[in-house]
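Asks: Prediction below, plus the sequence it came from.
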Amino acid sequence: MKYPWLNALTTLLTEQYQQARLHHGLLISAPAGFAKRAFAVDLAQNLLCEQVKQNQAKSACGQCKSCHLFMTQAHPDYLLVEDENAKTIGVDLIRRLVVKSQQKAQLGGAQVYIVPDCERMTEASANALLKTLEEPGLQKFIILTSSHPSRLLPTIKSRLQQYKVSPPQVSELTDWLNQAGVEPTNFSQVYPKVIASPLLALDYVKNEKQQAQKAFLAEFKALLSGKITAVQFAQQFNEDEVFQQLEWLEFALGAWLESKLKSQVEKTDAAVIRLKISDLYQQVTQCKQLMLQSGMNKKLLFSSLCSRMRQTLVSG
Ligand SMILES: [Zn+2]
């Protein structure tokens with residue numbers, strides 16, 4: 001369930017490997033934000049796993065020697081060709097792959113090499129890779145990923161079996177976003193973005209929520225400092241997001257308590273403040289319970305909660 005839109009292709013290619021008909025050079029293409037690199041890494045672990053090799057598992061077992069080495073990034077028959085600081089994939093990196101591919105497998109299984117975003121290869125790099133792509137040798141697999149496969153040299157492309165990652169289904173996406181802790185209320189608006197690029201959309205949704213929370217808490221601060229009235233603050237009310245907003249209020253209460261306790265020295269004052277806050281927490285909980293009952297005017301409940309908060313927190 002990590003990236004549900006990748007499951008079908010991972011299964012397909014792992015099965016091809018088990019049936020000894022997996023092509024030695026794979027090009028995985030999809031727009032940016034489809035987790036292609038993670039896909040290639042997961043597939044590599046599958047191909048290297050001893051259980052998968054012996055047809056005793058459909059995906060990497062996580063238990064065998066090979067899986068252990070892989071997970072500790074110490075697998076001798078695996079190489080991820082990457083330099084995060086460089087814009088291009090230079091020929092030195094590709095030569096490392098070429099040299100490694102000429103060695104025998106140390107664990108006696110498959111050997112797997114990954115070149116993420118392979119369109120970043122320089123011409124010299126691409127040429128250095130050509131011969132290896134032509135005849136890598138038995139049980140050696142090279143997985144290239146790309147968001148722009150059209151930029152690849154035709155000589156490279158013609159030596160690869162190309163697979164496009166299919167966009168996710170709506171149900172897969174809702175589950176996935178929920179698991180990522182994101183429940184967009186306006187899913188129909190978010191969906192086109194998500195389908196075009198799930199990972200970028202997740203950032204977008206999270207970011208949007210953070211912005212909303214920030215704005216909400218800034219207004220709450222203005223309420224406590226007397227810059228705005230409770231009625232003005234209640235304008236923040238959003239029927240679709242109100243339970244989220246109440247959580248933010250609880251968070252703000254906690255932060256307020258902490259800051260007060262830091263500045264207060266008198267023990268009795270601290271006790272009074274704690275009592276006030278615990279009373280307000282209870283009021284938020286009550287407010288939530290009332291809102292869950294049908295026929296209640298949520299906006300009214302929210303407004304009266306806000307004025308009680310202001311009264312309690314501002315008076316002393
Ligand atoms: Zn394994």
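Replies: Here it is on my side, so go on.
Asks: give the contact list for Ile94.
Replies: Contact analysis of Ile94 by Cβ atoms under 8 Å, 6 or more residues apart in numbering lists 81, 115, 121, 125, 128-129. Any C-beta I mention is one placed from the backbone N, CA and C, and that applies to glycine too.
Asks: in the helix or strand where it lies, what counts as buried?
Replies: Element membership for Ile94 (DSSP states H and E) is helix 91-101. Taking 16 or more other Cβ atoms under 10 Å as the basis for neighbour counts, the residues of helix 91-101 that come out buried are 91, 93-94, 97-98, 100-101.
Asks: Can you tell me which residues in this structure are near the ion?
Replies: Within the chain, the positions lying close to the ion (Cβ under 5 Å from the ion) are 49, 51, 60-61, 64, 67.
Asks: Columns pLDDT on top of these, output as JSON lines?
Replies: What follows is those, written out as JSON lines (pLDDT from 0 to 100):
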{"residue": "Cys49", "pLDDT": "98"}
{"residue": "Gln51", "pLDDT": "97"}
{"residue": "Ala60", "pLDDT": "97"}
{"residue": "Cys61", "pLDDT": "96"}
{"residue": "Cys64", "pLDDT": "97"}
{"residue": "Cys67", "pLDDT": "97"}
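Asks: re earlier: quick one: which of the contacts of Ile94 is the most crowded by neighbours?
Replies: Of the contacts of Ile94, Leu129 is surrounded by the most neighbours, 29 neighbours in total, counting by other Cβ atoms under 10 Å.
Asks: Now the element after the helix or strand bottoming out on mean pLDDT in the chain, going C-ward?
Replies: Taking mean pLDDT, DSSP states H and E as the measure, the helices and strands of the chain show their lowest mean at helix 187-196, namely a mean of 66. The C-terminal neighbour of helix 187-196 among helices and strands, as given by DSSP H and E, is helix 198-224.
Asks: which element is whichever residue of the stretch 101-250 of the chain sits closest to the ion on?
Replies: When you check the stretch 101-250 of the chain against the ion by Cβ to the ion, the closest residue turns out to be Gly109, at 9.9 Å. Secondary-structure assignment from DSSP H and E places Gly109 in no helical or strand segment.
Asks: Repeat that for the one 4 residues further on.
Replies: Taking DSSP H and E as the definition, Tyr113 sits inside strand 111-115.
Asks: tell me what that strand is packed against?
Replies: Using 3 or more Cβ pairs under 8 Å, 6 or more residues apart in numbering; DSSP states H and E as the contact criterion, the secondary-structure elements in contact with strand 111-115 are helix 36-48, strand 78-80, helix 91-101, strand 140-146.
Asks: That'll do, ta.
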